[in-house]
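Q: predicted coordinates and the sequence they were generated for:
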Amino acid sequence: MGSLGRTFALSLILIIMVSFSACIQKEPTPQNLANEIEDVDKYMYSLEYHLKSPYGNSSMYYRGGFNYDKAEAFWEGKIIHSNGDVVYINETIIEDFMYFSYATERNNKIINSYIANMTIQEYFEKLKDRLPPNIKTVEDLRYEIFKRADLRSNPLYYIREALNNVTNFETTKGDGIYLVAFNFTKIYEMPIPENISAAEMGYYESIKHVTITKSFMRLWVKDNLPIKGEIEGIEIFKLLAENITSTREFNAKFEITPDYKRPEWLKKVLQ
């Protein structure tokens, strides 16, 4: 074999080795899983979520997807309240374009609806007086939309945040899949903006609250990423100024796939 042939063969072997090593299933650890999630460039999910609170119960069904390379995402949801009302939601962001569609159904009739589209800059201007203090620019808002750790709107990044607060992390190896189980606690304290007037400070102090989430999660992990999950837990809400505490229970199950495909309603919006 000539030197050119040997070089080609060696290059081919290296390519195969790199490809093979990239697909090797590692034993999951919180850090490994968090790192793999950070490297995801696109994914889709479906989620079923049930909530029980002193103010009523609801069942929620969500489907969504992210294509981070193209700065694109969509969400669609159906929320069934204990009073029988049903809310339908369609939302998308594609680079700077945003679209929203909401409708409420009661007794099989649409009683109100809302459709709008705008740029993310226009959306920021509408919300900027009500946004959390950490969102100061359009780019802050964009990051929040794409990578907010919310179970219903971005389960992968919710998992990533949970892995940073994990206890009792256990793994069981199956046939090409790992089952991961762990507890986690998340504490959120509402921040107060800086450089505000005394009147504004009084307002923010009156609504300042802390939310404590305590949960147990199971994940099915394949090719180093979650493909399925279940979670159950409680959220404790404390309104500090009034010394009021309320608790609600939730459970959810979801599935995740490493692809992205626009839904039919989004294709029609873009026509």
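A: Yes, it's here. Computed from a predicted model, the values in this text were never measured in an experiment. Numbering: from 1, shown residues only.

Q: now stretch 104-123: how far from the chain's centre is it?
A: Taking Cα atoms, centre = their mean, to the nearest Å, one finds stretch 104-123 lying 22 Å from the centre of the chain it belongs to.

Q: mind listing what's buried along that stretch?
A: T104, E105, I120, Y123 (16 or more other Cβ atoms under 10 Å). Placement of C-beta: from N, CA and C, glycine included.

Q: show residues contacting that stretch.
A: For stretch 104-123, contacts defined as Cβ atoms under 8 Å, 6 or more residues apart in numbering pick out 84-88, 93, 96-103, 126, 138, 141-142, 145, 269.

Q: filter the residues you listed down to the ones in helices?
A: Among the contacts of stretch 104-123, the subset assigned to helices under DSSP state H consists of K126, V138, L141, R142, I145, V269.

Q: report how many residues lie close to the closest residue to the last one other than its chain neighbours.
A: Right, the one you point to is V269. Once flanking residues are discounted, V269 sits nearest to Y99: 5.4 Å by Cβ to Cβ, 6 or more residues apart in numbering. For Y99, the neighbour count with other Cβ atoms under 10 Å is 18.

Q: quick one, strands of the stretch 101-250 of the chain?
A: Ranges of strands within the stretch 101-250 of the chain are 109-119, 166-173, 178-189, 209-222, 225-239, 244-257, based on DSSP state E, counting those that start in this stretch.

Q: out of these, nearest to M44?
A: strand 244-257 (5.1 Å; Cβ to Cβ).

Q: list the neighbouring strands of that closest one plus their orientation.
A: Applying DSSP bridges to the sheet, strand 244-257 is found paired with strand 42-53 (antiparallel), strand 225-239 (antiparallel).

Q: could I get these as TSV with mean neighbour count?
A: TSV is the format used below for the strands paired with strand 244-257 (neighbours: other Cβ atoms under 10 Å):
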stretch	mean neighbour count
strand 42-53	18
strand 225-239	17
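
Q: quick one: closest of the ones you listed to A73.
A: Nearest of those (Cβ to Cβ): strand 42-53, 9.6 Å.

Q: neighbouring contacts of that closest one?
A: Strand 42-53 has contacts (Cβ under 8 Å, 6+ apart) with 57-69, 151-152, 155-156, 246-261.

Q: next secondary structure after that strand?
A: strand 56-67 (DSSP states H and E).

Q: could you pull up the mean pLDDT of that following strand?
A: In this model, strand 56-67 carries a mean pLDDT of 97.

Q: name the helices or strands packed onto it?
A: Strand 56-67 sits against strand 42-53, strand 72-81, with contacts defined as 3 or more Cβ pairs under 8 Å, 6 or more residues apart in numbering; DSSP states H and E.

Q: so which of these comes closest to F237?
A: Taking Cβ to Cβ, strand 42-53 is the member of the helices and strands packed on strand 56-67 nearest to F237, at 9.2 Å.

Q: distance from that closest one to the middle of the chain?
A: On Cα atoms, centre = their mean, the centre of strand 42-53 falls 9 Å from the chain's centre.

Q: over to stretch 120-139?
A: On Cα atoms, centre = their mean, the centre of stretch 120-139 falls 19 Å from that of its chain.

Q: pull up the distance across it, start to finish.
A: Start-to-end span of stretch 120-139 (Cα to Cα, to the nearest Å) is 9 Å.

Q: pipe the buried residues of stretch 104-123 into JSON lines and attach pLDDT and distance to I37 per row.
A: Formatted as JSON lines, the buried residues of stretch 104-123 follow (pLDDT from 0 to 100; distance: Cβ to Cβ, whole Å):
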{"residue": "T104", "pLDDT": "98", "distance to I37": "34"}
{"residue": "E105", "pLDDT": "98", "distance to I37": "35"}
{"residue": "I120", "pLDDT": "97", "distance to I37": "24"}
{"residue": "Y123", "pLDDT": "96", "distance to I37": "26"}
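
Q: so which pair among these is furthest apart in space?
A: Between any two of these (Cβ to Cβ), the greatest distance is 29.1 Å, for E105 and I120.

Q: residues contacting stretch 85-100, please?
A: 70-81, 101-106, 114-121, 123, 145-146, 265-266, 269-270.

Q: if we use 6 Å, what do you get?
A: Outside stretch 85-100, the residues that touch it by Cβ atoms under 6 Å, 6 or more residues apart in numbering are 71-80, 101-106, 116-120, 123, 145, 265-266, 269.
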